[in-house]
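Asker: What follows is a predicted protein model with its sequence.
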Protein chains: 2
Amino acid sequence: MSANSRLTIAAHALAWIGLYQRQGHEVATSEQIATSANTNPVVIRRLLGELRRAGLVESRRGVGAGWSLARELGSMTLLDVYEAVEPGPLFAMHRTTPDQGCVVGYGIQPAMQGIYEGIEETLRHELARVTLENVLRDVLAAPR
Amino acid sequence: MSANSRLTIAAHALAWIGLYQRQGHEVATSEQIATSANTNPVVIRRLLGELRRAGLVESRRGVGAGWSLARELGSMTLLDVYEAVEPGPLFAMHRTTPDQGCVVGYGIQPAMQGIYEGIEETLRHELARVTLENVLRDVLAAPR
DNA sequence: CACAGTCGTAACAGAGAAGGTTGCAATAGC
DNA sequence: GCTATTGCAACCTTCTCTGTTACGACTGTG
């Protein structure tokens, strides 16, 4: 499916900011987060920009600028993050319209649409069960 | 996520073959299926080749060659098809190893791994609930 | 008020996946 | 032998994701 790492990196960033704030810091910079995630600060800023549009984080500009959580980690779920960074559907339909003169070509898209909707609903439900607080707890629970 | 249409096209092909066989035909050609799905026969052959490796269809060569179901539609689920055409995981980890000297960088991958495994298990369970018989029924149930 | 640090964003490049297309050898019924 | 079809390799185009550079915008500090 050519899965991407956007949800993973976004969760990483949120957990990082959350932990950093608990250590008494006000804001985290994209530079710091990028170092932890071993990527480029612009990648982090792009992702956090999407999370800001979704109301999960806030950013401050100027000297002493950076990112902070807009809500408690416990009130954010992976579904919130997923919807912020993954706009499209999980499964795609045909790239071109199937043959409408064929019974299967005619009925396949509505049929799969209905099936996919149910599956995506279940996926969303599962994502909603995991809060970022859960993620941070699991992160800190890693052995050694 | 840059979703692809492989599961959709594979389900389309199986439903087409199944219906065609119920109409008294022995085998279906990639040409016929490609016409219904409005794509190229080679695309169909590639996909059906993966389904054959998974034991879902059989192919015959030579004159009067083509594809037939290896099992009843009612005994095949979308999970069988999904596993045949989608090898990788749903969500990817970081492309490069995160900073192992950082608490979050160290713990994030095991944490997300565990979470993703649970979610993918649920997804698989959902896919397993839908048989290709269900798909064909829904296809034929499309209005007009 | 200048400076410095950081965000915001555009622009581009590289890698990889998906899908489409062509070509041709292999197969098997007639 | 002829013909229809699969099997498969090779190549191309398009698209997404990620990384990178560059630079303007913003704002606290001295």
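Answerer: Here it is on my side, so go on. Numbers count the residues shown, from 1 in each chain, chains lettered A, B, ... in the order given.
Asker: Neighbours of residue A:136, how many?
Answerer: As a burial measure, residue A:136 scores 24 neighbours (other C-beta atoms under 10 Å in any protein chain shown). The C-beta positions use only the backbone N, C-alpha and C, and glycine is treated the same way.
Asker: Return the distance of it relative to residue B:120.
Answerer: To residue B:120, residue A:136 is 22 Å away according to C-beta to C-beta, to the nearest Å.
Asker: ditto for residue A:73
Answerer: Note on residue A:73: its distance to residue B:120, by C-beta to C-beta, is 24 Å.
Asker: Give the helix, strand or coil label for the closest residue to DNA strand D within chain A.
Answerer: Nearest to DNA strand D, among the residues of chain A, is residue A:62, at 1.8 Å (C-beta to the nearest atom of the strand). Look at residue A:62: counting by DSSP: H, G, I helix; E, B strand; the rest coil, its state is coil.
Asker: what's around it, how many residues?
Answerer: 5.
Asker: I'd like to know how far it sits from residue A:28.
Answerer: Taking C-beta to C-beta as the measure, residue A:62 falls 15 Å from residue A:28.
Asker: what do you get for residue A:70?
Answerer: Relative to residue A:28, residue A:70 is positioned 13 Å away (criterion: C-beta to C-beta).
Asker: out of these two, which sits in the busier spot?
Answerer: residue A:28 (23 against 15).
Asker: For the more buried one, what are phi and psi?
Answerer: Main-chain torsions, residue A:28, degrees, to the nearest 10: phi -110, psi 140.
Asker: Tell me who's in contact with it.
Answerer: By C-beta atoms under 8 Å, 6 or more residues apart in numbering or on different chains, the contact list for residue A:28 reads A:16-17, A:20-21, A:66-68.
Asker: quick one: which of those is nearest to residue B:11?
Answerer: residue A:16 (40.7 Å; C-beta to C-beta).
Asker: Please name the residues that touch that closest one.
Answerer: Residue A:16 neighbours (C-beta under 8 Å, 6+ apart): A:28, A:32-33, A:36-37, B:102, B:104.
Asker: mind running it again at 7 Å?
Answerer: Counting by C-beta atoms under 7 Å, 6 or more residues apart in numbering or on different chains, residue A:16 touches A:28, A:33, A:36, B:104.
Asker: Now do the helix or strand harbouring residue A:124 against helix B:103-128, angle only.
Answerer: Assessed by DSSP states H and E, residue A:124 sits inside helix A:103-128. Helix A:103-128 runs at 140 degrees relative to helix B:103-128, counting by axes from the mean of the first three to the mean of the last three C-alpha atoms, to 10 degrees.
Asker: mind listing what's buried in helix A:103-128?
Answerer: For helix A:103-128, the neighbour count (16 or more other C-beta atoms under 10 Å in any protein chain shown) marks A:103-109, A:111-112, A:115-116, A:119, A:122-124, A:126-127 as buried.
Asker: picking up where we left off before, contacts with DNA strand C among the contacts of residue A:28, please.
Answerer: Restricting the contacts of residue A:28 to those touching DNA strand C (C-beta under 7 Å from any atom of the strand) yields A:66-67.
Asker: Give me the subset of the contacts of residue A:28 lying in strands.
Answerer: Filtering the contacts of residue A:28 for membership in strands, criterion DSSP state E, returns A:66-68.
Asker: still on that earlier bit, briefly note if the helix holding residue A:124 comes near DNA strand C.
Answerer: No: Helix A:103-128 lies out of reach of DNA strand C by C-beta under 7 Å from any atom of the strand, never closer than 13.0 Å.
Asker: now that helix: mean pLDDT?
Answerer: Averaging pLDDT along helix A:103-128 gives 98.
Asker: Now do the helix or strand that that helix is followed by: everything it contacts.
Answerer: The helix or strand immediately downstream of helix A:103-128 is helix A:132-140, counting by DSSP H and E. Identification of contacts with helix A:132-140 by C-beta under 7 Å, 6+ apart yields A:11, A:14-15, A:18-19, A:73-74, A:76, B:103-104, B:107-108, B:111, B:114.
Asker: where does chain A have low pLDDT?
Answerer: By pLDDT under 70, chain A contains no weakly predicted segment.
Asker: DNA strand D contacts on that one?
Answerer: Within chain A, the positions near DNA strand D by C-beta under 7 Å from any atom of the strand are A:2, A:4-6, A:9, A:39-40, A:42-43, A:60-65.
Asker: Noted, bye for now.
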